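Pasting a predicted model and its sequence here:
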Amino acid sequence: MNNQENNFALIIGVGGPYIEYTLNDADSLQRNLTDPNLVGYPKDNVIVLKEKEATRKGILSAFDELREKTNEDSTILLYYSGHGGRDVEKHQFYLFPHDEEKLMAEELKEKINALPSNKLVLFLDCCHAEGLVQSGLTGLSGMAQKLNDEQGIWIVASSQDNQESFGAGDNSFFTQALLEVLTGQHKRPDPFTDTEISIMDVVDHIFETVPKNASQFLDQKTMQPCIQKPYFKTQMSEMLILSHFPKNVEDHEAIIAKLEPDADSLDEENFIRLVNSLHAVGRTDEAISTLKNHKRTKKDPDLLETLGNLYTAIYQKSNKEKDGQKALKIFKKAHQYAIDTKDEEQVFTNAVKVAYMYAKLGKNEQEMVNYAGIAKEAAESYTIGEKVSKYLTLAEANIYLKNLYDAACFYGILKEKAKIKEKIKYYERASNIYKYLYTPKDEDDAFLKFLKNTLLN
């Protein structure tokens, strides 16, 4: 989101009895979006509808205004906080604007499809929110047809189709979590050091905190703890950045200024802090140089893996074979030193990364299979805790070895153990591996559909 002038938002806070906090939700989000030290949307690009403005007619007109203001390169954020309803017999879902005139999910889909933008995020904070997505909003065909390798659509809903959305105090539980992560408060009591917040950071925090916070209050209808589980759906290929933290960039620069002169004599913890700070502020080449020149890196599998990861990131952006070959070479070294130092976890994590680089580069399929076999055997014999790295290795290795049933079993385990942000990365890697090895005809391929349903839903 480098061009902030082309970022737009429509924020709707319905208000009314029992959900007065929706007005605070809308006001708070507007302040976040237009804060130049956070998201930084131009104020004129943010349309806000509250109470009497948030009628059915007002909402539909606002979509038309947004359509006129935006183009295919715009990023659009849509947010609704208010009533949501459903007709159980007809399995229909709708929004209940301030004038209580229903806005059907199908009508909302039509307005979204009419927007020229192909980068859009939709936050629905209302009862039965998932139903709006799964019924009327499913198959956002107009949007899907416009997607390409650098675009996407993200939908985050506050509740399942048979659930209500709750709130207490000034905000709903869903919007409170959204505001926390947009302002960097989600890491407390730990210090927040990232320079950006992505859509997946938001989803991670919402899924972790909303059910927990809701359960601390009683549902006044049942007098039982509130049950509220968010829902997420995406069709994407890049990580949308929602918030920026210039102050954290300054903090990283201060760490670099303090530690860089003594890089050779730093202990491992502070050396890693230095490398991470260099990478965080966009000085990846210097982070690589610092790692390569450090005396411990040459024989430390952890530091070598870090170096390989940096080269991989460069390769994924440049698509230049020389960058991929550098990553491959480093991962092979890391794997060998992991064997030498009996670092069991690093043996299989680096072996499977070697296999991945062989696949990406389209070089030496036999070596790819050999390293996948090594990774699988090492992971299977690893007994120190139930680590995600073990199951990820077994899942990927079995794709290389063409044991798709076994791969599916381990991705099923990862669905339960990994965080959403991690699962997005696993999906991208797995689908890339599979497409290279099996050359499926289209996205209706059974294994690709399994990966999407398991890791993205």
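Thanks, I have the structure now. Residues are numbered from 1 along each chain as shown.

what residue ranges in this structure are flagged as low confidence?
Residue ranges of the chain with pLDDT under 70: 1-3, 18, 130-152, 188-191, 235-239, 457.

how does it divide into domains?
Domain assignment for the chain by automatic domain parsing gives 4-244, 296-455.

got CSV for those, with distance to residue 253 and mean neighbour count too?
To be clear about C-beta, it is placed using only N, CA and C from the backbone, and glycine gets the same treatment. Compiled in CSV, the domains of the chain are given as follows (distance: least, CB to CB, whole Å; neighbours: other CB atoms under 10 Å):
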stretch, distance to residue 253, mean neighbour count
domain 4-244, 10, 19
domain 296-455, 19, 18
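
between those, which one is nearest to residue 255?
Between residue 255 and the domains of the chain, the shortest gap by CB to CB is with domain 4-244, which sits at 8.9 Å.

Residue 245 and residue 201 touch, don't they?
No: the criterion here is CB atoms under 8 Å, and residue 245 misses it with residue 201 at 11.5 Å.

and the closest residue to residue 266 other than its chain neighbours, how many neighbours?
Leaving aside its sequence neighbours, residue 266 sits nearest to residue 259 (CB to CB, 6 or more residues apart in numbering; 6.2 Å). Neighbour count of residue 259, defined by other CB atoms under 10 Å: 18.

Check which element follows the helix or strand hosting residue 259 along the chain.
In this structure, residue 259 is located in helix 246-259 according to DSSP states H and E. The element immediately downstream of helix 246-259 (helix or strand, assigned by DSSP H and E) is helix 268-280.

Hey, what's the angle from that following helix to helix 246-259? Just curious.
Helix 268-280 runs at 130 degrees relative to helix 246-259, counting by axes from the mean of the first three to the mean of the last three CA atoms, to 10 degrees.

Give the other helices and strands that the helix or strand just after helix 268-280 contacts.
The C-terminal neighbour of helix 268-280 among helices and strands, as given by DSSP H and E, is helix 284-293. Using 3 or more CB pairs under 8 Å, 6 or more residues apart in numbering; DSSP states H and E, the elements in contact with helix 284-293 are helix 268-280, helix 301-318.

Dump these into TSV; add distance to residue 398 as well.
Shown next, in TSV, are these (distance: least, CB to CB, whole Å):
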stretch	distance to residue 398
helix 268-280	31
helix 301-318	21
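
about what we covered before: what residues sit buried inside the helix holding residue 259?
248-249, 251-252, 255-256, 259 (16 or more other CB atoms under 10 Å).

helices and strands around it, which ones?
Packing contacts for helix 246-259, counted by 3+ CB pairs under 8 Å, 6+ apart, involve helix 268-280.

if you set the cut-off to 10 Å instead, what comes out?
Other helices and strands packing on helix 246-259, by 3 or more CB pairs under 10 Å, 6 or more residues apart in numbering; DSSP states H and E, are helix 268-280, helix 284-293.

Out of these, indicate the one that is most buried.
Most buried of these, by mean neighbour count (mean count of other CB atoms under 10 Å): helix 268-280, with a mean of 19.

what's the closest of the helices and strands packed on helix 284-293 to residue 241?
Minimum separation from residue 241 across the helices and strands packed on helix 284-293 (CB to CB) falls at helix 268-280, 13.5 Å.

counting contacts, what elements does the closest one pack onto?
helix 246-259, helix 284-293, helix 301-318.

again, 6 Å this time
With contacts defined as 3 or more CB pairs under 6 Å, 6 or more residues apart in numbering; DSSP states H and E, helix 268-280 has these neighbours: helix 246-259, helix 284-293.

Would you mind giving those as JSON lines with distance to residue 380 added?
Converted to JSON lines, these look like this (distance: least, CB to CB, whole Å):
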{"stretch": "helix 246-259", "distance to residue 380": "40"}
{"stretch": "helix 284-293", "distance to residue 380": "31"}
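
For residue 203, grab phi and psi.
The phi/psi pair for residue 203 (degrees, to the nearest 10) reads phi -60, psi -40.

Quick one: residues contacting it.
Under the criterion of CB atoms under 6 Å, 6 or more residues apart in numbering, the neighbours of residue 203 are 232, 420.

hmm, 8 Å instead?
156, 232, 420-421 (CB atoms under 8 Å, 6 or more residues apart in numbering).

As CSV, those with secondary structure would be great.
Output for those, formatted as CSV (DSSP: H, G, I helix; E, B strand; the rest coil):
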residue, secondary structure
156, strand
232, strand
420, helix
421, helix
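
and which of those residues is nearest residue 370?
Relative to residue 370, the closest of these is residue 421; by CB to CB it sits at 31.2 Å.

Please report how far residue 68 lies from residue 153.
Going from residue 68 to residue 153 by CB to CB, to the nearest Å gives 20 Å.

One more: residue 321?
32 Å.

and residue 224, what are its phi and psi?
Main-chain torsions, residue 224, degrees, to the nearest 10: phi -110, psi 160.

before we move on, what about residue 86?
Residue 86 adopts backbone torsions of phi -150, psi 150, taken as degrees, to the nearest 10.

Please apply the same query to residue 67.
Residue torsions, per degrees, to the nearest 10, at residue 67 are phi -60, psi -40.

State the helix or strand in which residue 84 lies.
Residue 84 is part of strand 83-87, with elements assigned from DSSP H and E.

What pairs with the helix or strand that that strand is followed by, parallel or antiparallel?
Going down the chain from strand 83-87, the next helix or strand is strand 92-96, by DSSP H and E. Strand 92-96 has the following strand partners under DSSP bridges: strand 83-87 (antiparallel), strand 103-104 (antiparallel).

export those strands to JSON lines and tack on distance to residue 280?
Shown next, in JSON lines, are the strands paired with strand 92-96 (distance: least, CB to CB, whole Å):
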{"stretch": "strand 83-87", "distance to residue 280": "39"}
{"stretch": "strand 103-104", "distance to residue 280": "42"}
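
Compare these and give me the one nearest residue 359.
Closest to residue 359 of the strands paired with strand 92-96, according to CB to CB: strand 83-87, at 44.3 Å.

what comes into contact with the helix or strand containing residue 366?
Taking DSSP H and E as the definition, residue 366 sits inside helix 365-380. Residues from elsewhere that reach helix 365-380 (CB under 8 Å, 6+ apart): 335, 344, 347-349, 351-352, 354-355, 358-359, 390, 393-394, 396-398, 400-401.

just how off-centre is it within its chain?
Distance of helix 365-380 from its chain centroid, counting by CA atoms, centre = their mean, to the nearest Å, is 29 Å.

now do stretch 62-71
How far stretch 62-71 lies from its chain's middle: 26 Å, per CA atoms, centre = their mean.

outside of that stretch, which residues touch it?
With CB under 8 Å, 6+ apart, stretch 62-71 has contacts from 6, 8, 10, 12, 45, 47, 49, 76, 111-112, 114-117.

6 Å instead?
Contacts to stretch 62-71, defined as CB under 6 Å, 6+ apart, come from residues 8, 10, 47, 49, 111, 114-117.

What about those, which are in helices?
residue 111 (DSSP state H).

now the contacts of stretch 62-71 as CSV including distance to residue 94?
Listed next are those as CSV, based on distance: CB to CB, whole Å:
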residue, distance to residue 94
8, 25
10, 18
47, 21
49, 17
111, 14
114, 19
115, 20
116, 25
117, 24
